[in-house]
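Asks: Structural data only, the sequence is not supplied:
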């Protein structure tokens, strides 16, 4: 950001100095015209007035366009900086999401293991005489349904991991945006050396 500000200040100072030199030329021309008497080498007063009015109008246009360009440059700079920050935020949130998905996957696998253990225990208890087979059947149905739900969650988590696991596109986009900002701030010639 400091490079952009210093580059902007340098360009602004250069344009301002040229404009001031232009205005100084107008003032010197007016003074010379006022002090000079009817001399054959000096252009008529009307032509000098026209020239100085044209130069003054030209300098006003230059200041207007300078302000317009500075405003546009500031807006572009803010937009690029905002997009770089947003890309960093998206990248970080996806990393957090992947880590959370990994934790959820581990929890789901543990739950699936515990449900299988419970199914095994229920199967052993169902073989003992005097157990309520209707209750065993209901418990088995509930455990199977729960196991299927957890398997569905695991499949969705794996799909999310595959979808968001490749962050190279976001990293390349962020690097490209930073490169564009750098090249906008620091002009680089064809050979790649900084001007």
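Replies: Noted; the coordinates are in hand. Since the structure is predicted, the reported quantities are computational estimates derived from the model, not experimental observations.
Asks: how about stretch 117-137: buried residues?
Replies: Neighbour-count burial for stretch 117-137 flags 118-119, 122 (criterion: 16 or more other Cβ atoms under 10 Å). The C-beta positions use only the backbone N, C-alpha and C, and glycine is treated the same way.
Asks: tell me which residues in stretch 140-152 are buried?
Replies: Neighbour counts using 16+ other Cβ under 10 Å place 143, 147, 150 of stretch 140-152 among the buried residues.
Asks: hmm, who's touching that stretch?
Replies: Here stretch 140-152 makes contact (Cβ atoms under 8 Å, 6 or more residues apart in numbering) with 108, 111-112, 115-116, 118-119, 122-123, 126.
Asks: need the longest helix for this protein.
Replies: Determined from DSSP state H, the single longest helix within the chain is helix 45-126.
Asks: next structured bit after that helix?
Replies: Where DSSP states H and E defines the elements, the next helix or strand beyond helix 45-126 is helix 133-165.
Asks: what is the mean pLDDT for that next one?
Replies: Helix 133-165 comes out with an average pLDDT of 83.
Asks: same check, this time on stretch 25-44
Replies: Here stretch 25-44 scores 64 as its mean pLDDT.
Asks: what's the answer for stretch 178-194, then?
Replies: pLDDT averaged over stretch 178-194 gives 57.
Asks: Now do the same contact list for residue 109.
Replies: Neighbouring residues of residue 109 by Cβ under 8 Å, 6+ apart: residue 154.
Asks: Relative to residue 116, how far out is it?
Replies: 11 Å (Cβ to Cβ, to the nearest Å).
Asks: cool, and residue 175?
Replies: Using Cβ to Cβ, residue 175 is found at 46 Å from residue 116.
Asks: Now the residue most central in space within the chain: closest residue in space, sequence neighbours ignored.
Replies: Central residue of the chain (Cα atoms, centre = their mean): residue 83, 1.5 Å from the mean position. Excluding the flanking residues, the one nearest residue 83 by Cβ to Cβ, 6 or more residues apart in numbering is residue 177, at 5.8 Å.
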